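Enquirer: Structure for the following, please:
(chains A and B)
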There are 2 protein chains.
Amino acid sequence: MAPDRTRQDKPPATSPLGIVEPQSFSFGAPGSGLVLDSGKEFGPVTVRYETYGTLDAERSNAILLLHAFSGDAHAAGLHSSTDTHPGWWEPMVGPGRAFDTNKYFVICSNTLGGCHGTTGPSSIDPNTGKPYGMSFPVVTIHDMVKVQVKLLDHLGIDRLLAVAGGSMGGMQALEWATTYSHRVRSAVVLASSARMSAQGIAFNAVGRNAITGDPRWNNGDYYEGEPPARGLAIARMVGHITYLSDESMGMKFGRRLQERDSFEFDMEDQFAVESYLEYKGGTFVDRFDANSYIYISRAIDYFDLADKYGSLDAAFAETTTKFLIVSFTSDWLYPPYHSKEIVYSLMKNGKDVSYTEISSPYGHDAFLLESHRQEGIVDAFLETAFQQAREGQNGARR
Amino acid sequence: MAPDRTRQDKPPATSPLGIVEPQSFSFGAPGSGLVLDSGKEFGPVTVRYETYGTLDAERSNAILLLHAFSGDAHAAGLHSSTDTHPGWWEPMVGPGRAFDTNKYFVICSNTLGGCHGTTGPSSIDPNTGKPYGMSFPVVTIHDMVKVQVKLLDHLGIDRLLAVAGGSMGGMQALEWATTYSHRVRSAVVLASSARMSAQGIAFNAVGRNAITGDPRWNNGDYYEGEPPARGLAIARMVGHITYLSDESMGMKFGRRLQERDSFEFDMEDQFAVESYLEYKGGTFVDRFDANSYIYISRAIDYFDLADKYGSLDAAFAETTTKFLIVSFTSDWLYPPYHSKEIVYSLMKNGKDVSYTEISSPYGHDAFLLESHRQEGIVDAFLETAFQQAREGQNGARR
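Expert: The predicted structure is shown next:
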């Protein structure tokens, strides 16, 4: 299956948001940049972001969406009239949708360390005129959030109505709601965790090994030649399995052979699930940088709110943010017990938390696929937070 | 961690079986060999096997052990007085153990397609004088069993008291108990399945891709140069995660950092689970052939009793073998529902089946680790089968 051909076959997508323009913002000339968790100062940083809807006069209706591992700033809408796909969270963002652009000013930025416009290992190091590669500094989830804080300062938004994200985006939401609680009224945390499990770290480690074991990786210095496409594809294949579930793979593929006249007893791909995975791995390398894979997966592994604050209870002790936590029954990468740990700690601390576990066969990907199951919950949660924000601003608490 | 050094550091192992001698048997000169499921005739075939205990005069006490993916014929005992490890199923095999060598004649052979003495892709093709590599024919679980049948013929054993195996070994046991039911009184099937799930196939496909994507694989023709060690190590890392469980990895490693003074914020391995996996992947390449990995994983993927016989019910309709089926609660590669499908079909067919689900945190590896939990069950099952065999032979059914 040639990806280009598939794309050409698809009709242009539509979106009620129409065409959106990506925007950029830069800060931190060399020597006056961002202080990273590692202690290093880093800059300059360019941030790619998109916005949907309109910021109100009180600047009280801003929501920051936080993308997952391989996501980007393009959460909704189209980039051109011939686009075949809208943004990654299209069903949730737009007029009348959960992140209702008639009411809210919705922002999404690409994370630090990524490869879609925000500074990352494939960006040019001004000191050398060449891509950073592995000389890019180690970044953490908190470092990603620090860049988002700079963006909000730039946009003149003191306090967000909400942050919202799934998976790694949920980790950022948790970082916001603890370290920057005074700047965010509410947090929507989907299919996420306060710390990755050993199994999750292990899968990330396999992906990194696949990349660094590809001779084309060349210690991260491949930007002038061929990228480590095989290694990155294998990393993605592993990741993709962990995003699905035994049940959803069984439903989607079962033991179906790919289209052939008969079982041929050779070493070519035989099962539909194999060619699907190879296709997914192959298309990923066209849109993702292998070094970003290494840096971002490391950031996920390092994230540990309990370790940072001494305990999960200590992490949430001072938060004033209200929480919506959602997990999905068949999600085995960020299993429900991870969400329940967060909920339990918030409840012990007497915090404002709503929790729901959605029954779904779609594994970790459910947070992207089960929009119709999430939208009512998210919509109601945001509406309550929005009412409370207005009342708070008017000084009229009832 | 250098594997050789670790081995030198370890004291010699002990075993009540003492030192066992691997044996070999060959059959099928070219043109008069084995007819494979693919329709191809193949030979000659050499079979490596070991035996423990003594065959009784009635030849009624023979048990065939069937190893899993990366196992071999060396199920128990030692190969030399300086061996640091006994065979892979040592706790289950020996005098007074579940496979009691005081009572039973226990056989274990290396599977067709493997790399430990039985003919496989690394063996020399007599037609070319070079290793087969990818010219080795596609083999199935049934083909592996056909070779075991030849071995039993060679040993003069018409009917086995039992076949027993876990994982891929359990698949072979199921093949024996359906296609060769008249030659096996009982079957012990641990942590296995009548057909691999789409998720299981997907993990195997990632492993194969990691190997074939390694430039050193060279279409399977690497025996005169460097083997695709990186690819094979990554395949093993993926496999290893699927053999453990979220819980057992959490217990064993948690988020513990490997031994270092502090969190160093660099791109070296940080978590204990990572260095463990890399160590496991690295040592595997010293003892396993990458092409065997491809062939054997394919055989596992192809195995589908329901497809072969039209349905699982049809597969078991004619069997006279009695079954012991065991699954483990945290085994997500061969989850309990796979075993229950087999049990349900056997019960519908009115067959003699015992089933137990053992509560264990050790995932798929539980069938190798939970010997103390299995031994009583297996021992009692075999004793009953043995009594029935004796009574049957004496013609004195009570």
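
Enquirer: Would you map the helices across the stretch 251-398 of chain A?
Expert: A:272-284, A:290-302, A:305-309, A:312-316, A:336-348, A:366-369, A:371-394 (DSSP state H, counting those that start in this stretch).

Enquirer: Now the second one: buried residues?
Expert: Going by neighbour count (16 or more other Cβ atoms under 10 Å in any protein chain shown), the buried part of helix A:290-302 is A:290-302. The way it works is simple: take the backbone N, C-alpha and C, and place the C-beta from them, glycine included.

Enquirer: Dump the residues you listed to JSON lines, plus distance to chain B and pLDDT.
Expert: Output for the buried residues of helix A:290-302, formatted as JSON lines (distance: Cβ to the nearest Cβ, whole Å; pLDDT from 0 to 100):
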{"residue": "A:A290", "distance to chain B": "13", "pLDDT": "98"}
{"residue": "A:N291", "distance to chain B": "10", "pLDDT": "98"}
{"residue": "A:S292", "distance to chain B": "13", "pLDDT": "98"}
{"residue": "A:Y293", "distance to chain B": "12", "pLDDT": "98"}
{"residue": "A:I294", "distance to chain B": "7", "pLDDT": "97"}
{"residue": "A:Y295", "distance to chain B": "8", "pLDDT": "97"}
{"residue": "A:I296", "distance to chain B": "12", "pLDDT": "98"}
{"residue": "A:S297", "distance to chain B": "11", "pLDDT": "97"}
{"residue": "A:R298", "distance to chain B": "7", "pLDDT": "95"}
{"residue": "A:A299", "distance to chain B": "11", "pLDDT": "96"}
{"residue": "A:I300", "distance to chain B": "12", "pLDDT": "97"}
{"residue": "A:D301", "distance to chain B": "7", "pLDDT": "96"}
{"residue": "A:Y302", "distance to chain B": "8", "pLDDT": "94"}
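
Enquirer: Which strand or helix spans A:D153?
Expert: helix A:141-155 (DSSP states H and E).

Enquirer: next helix or strand past that helix?
Expert: strand A:160-166.

Enquirer: who does that next one pair up with?
Expert: With DSSP bridges as the test, strand A:160-166 is paired with strand A:62-66 (parallel), strand A:184-190 (parallel).

Enquirer: mind putting those in a markdown table, distance to A:V238, mean pLDDT and mean neighbour count included?
Expert: Formatted as a markdown table, the strands paired with strand A:160-166 follow (distance: least, Cβ to Cβ, whole Å; pLDDT from 0 to 100; neighbours: other Cβ atoms under 10 Å in any protein chain shown):
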| stretch | distance to A:V238 | mean pLDDT | mean neighbour count |
| --- | --- | --- | --- |
| strand A:62-66 | 23 | 98 | 29 |
| strand A:184-190 | 22 | 98 | 28 |
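
Enquirer: Please state the offset of the helix holding A:D153 from the chain centre?
Expert: Relative to its chain's centre, helix A:141-155 lies at 15 Å (Cα atoms, centre = their mean, to the nearest Å).

Enquirer: residues making contact with that helix?
Expert: A:25, A:27-28, A:34-37, A:45, A:47, A:49, A:55, A:62, A:64, A:66, A:107, A:109, A:111-113, A:118, A:158, A:160, A:168, A:171-172, A:175-176, A:179-180, A:183, A:299-300, A:302-303, A:308 (Cβ atoms under 8 Å, 6 or more residues apart in numbering or on different chains).

Enquirer: repeat that with 6 Å
Expert: Helix A:141-155 is contacted by residues A:25, A:27, A:34, A:36-37, A:47, A:109, A:111-112, A:171-172, A:175-176, A:299, A:303 when judged by Cβ atoms under 6 Å, 6 or more residues apart in numbering or on different chains.

Enquirer: Could you do stretch A:108-119 as well?
Expert: So stretch A:108-119 is in contact with A:45-50, A:65, A:72-73, A:75, A:120, A:122, A:139, A:143-144, A:147, A:151, A:289, A:292, A:295-296, going by Cβ under 6 Å, 6+ apart.

Enquirer: try stretch A:166-184
Expert: Counting by Cβ under 6 Å, 6+ apart, A:66-69, A:141-142, A:144-145, A:159-160, A:163, A:165, A:187, A:189-192, A:300, A:303, A:315, A:319-321, A:367 sit against stretch A:166-184.

Enquirer: picking that back up, just checking, which of the contacts of helix A:141-155 belong to helices?
Expert: When DSSP state H is applied, the contacts of helix A:141-155 are split such that A:M171, A:Q172, A:E175, A:W176, A:A299 fall in helices.

Enquirer: Report pLDDT for A:R398.
Expert: pLDDT recorded at A:R398 is 35.

Enquirer: Nearest to B:V273, out of the helices of the stretch 251-398 of chain A?
Expert: helix A:290-302 (9.6 Å; Cβ to Cβ).

Enquirer: got a list of contacts for that closest one?
Expert: For helix A:290-302, using Cβ under 6 Å, 6+ apart, the contacting residues are A:69, A:113-115, A:120-121, A:139-141, A:168, A:196, A:201, A:204, A:208, A:211, A:220, A:227-228, A:232, A:235.

Enquirer: what angle separates that helix from helix A:272-284?
Expert: Between helix A:290-302 and helix A:272-284, the angle comes out at 110 degrees (axes from the mean of the first three to the mean of the last three Cα atoms, to 10 degrees).

Enquirer: Helix A:290-302 vs helix A:141-155, what angle?
Expert: 110 degrees.

Enquirer: before we move on, back to that, go through the helices of the stretch 251-398 of chain A and name the closest to B:T356.
Expert: Short answer: helix A:336-348, nearest of the helices of the stretch 251-398 of chain A by Cβ to Cβ, at 26.2 Å.

Enquirer: packing partners for that closest one?
Expert: The helices and strands touching helix A:336-348, judged by 3 or more Cβ pairs under 6 Å, 6 or more residues apart in numbering or on different chains; DSSP states H and E, are helix A:312-316, strand A:322-328, strand A:353-358.

Enquirer: give me the number of residues near A:E226?
Expert: By other Cβ atoms under 10 Å in any protein chain shown, the residues close to A:E226 number 11.

Enquirer: tell me the contacts of it?
Expert: Neighbours of A:E226 in contact, by Cβ under 6 Å, 6+ apart: A:R216.

Enquirer: doesn't it fall inside a strand?
Expert: No. With DSSP: H, G, I helix; E, B strand; the rest coil as the criterion, A:E226 is assigned coil and is not in a strand.

Enquirer: Could you tell me the model confidence score at the closest residue in space to A:F27 that isn't next to it in sequence?
Expert: Spatial nearest neighbour of A:F27, chain neighbours left out: A:K150 (5.4 Å); criterion: Cβ to Cβ, 6 or more residues apart in numbering or on different chains. Listed pLDDT for A:K150 reads 96.

Enquirer: and what of A:G28?
Expert: So, for A:G28, pLDDT stands at 89.

Enquirer: what's the neighbour count on it?
Expert: 18.

Enquirer: quick one, what contacts it?
Expert: A:G28 touches A:L34, A:G43, A:P44, A:V45, counting by Cβ under 6 Å, 6+ apart.

Enquirer: and A:S345, how many neighbours?
Expert: 21.

Enquirer: That one touches A:D313, doesn't it?
Expert: Yes. With contact defined as Cβ atoms under 6 Å, A:S345 reaches A:D313; the gap is 5.2 Å.

Enquirer: Test my guess that A:A385 contacts A:A164.
Expert: No. Using Cβ under 6 Å, A:A385 is not in contact with A:A164, being 10.7 Å away.

Enquirer: quick one: which of those two has more around it?
Expert: Counted by other Cβ under 10 Å, A:A385 and A:A164 do not tie: A:A164 has more neighbours, with 30 against 23.

Enquirer: Excluding covalently adjacent residues, which one is nearest to the more buried one?
Expert: A:V188 (3.6 Å).

Enquirer: Tell me what that neighbour is bridged to.
Expert: Counting by DSSP bridges, the residues bridging with A:V188 are A:A164, A:L324.

Enquirer: Next, find the distance separating it from chain B.
Expert: 25 Å (Cβ to the nearest Cβ, to the nearest Å).

Enquirer: looking at it, that residue is touching A:G165, isn't it?
Expert: No. Judged on Cβ under 6 Å, A:V188 makes no contact with A:G165 at a distance of 7.4 Å.
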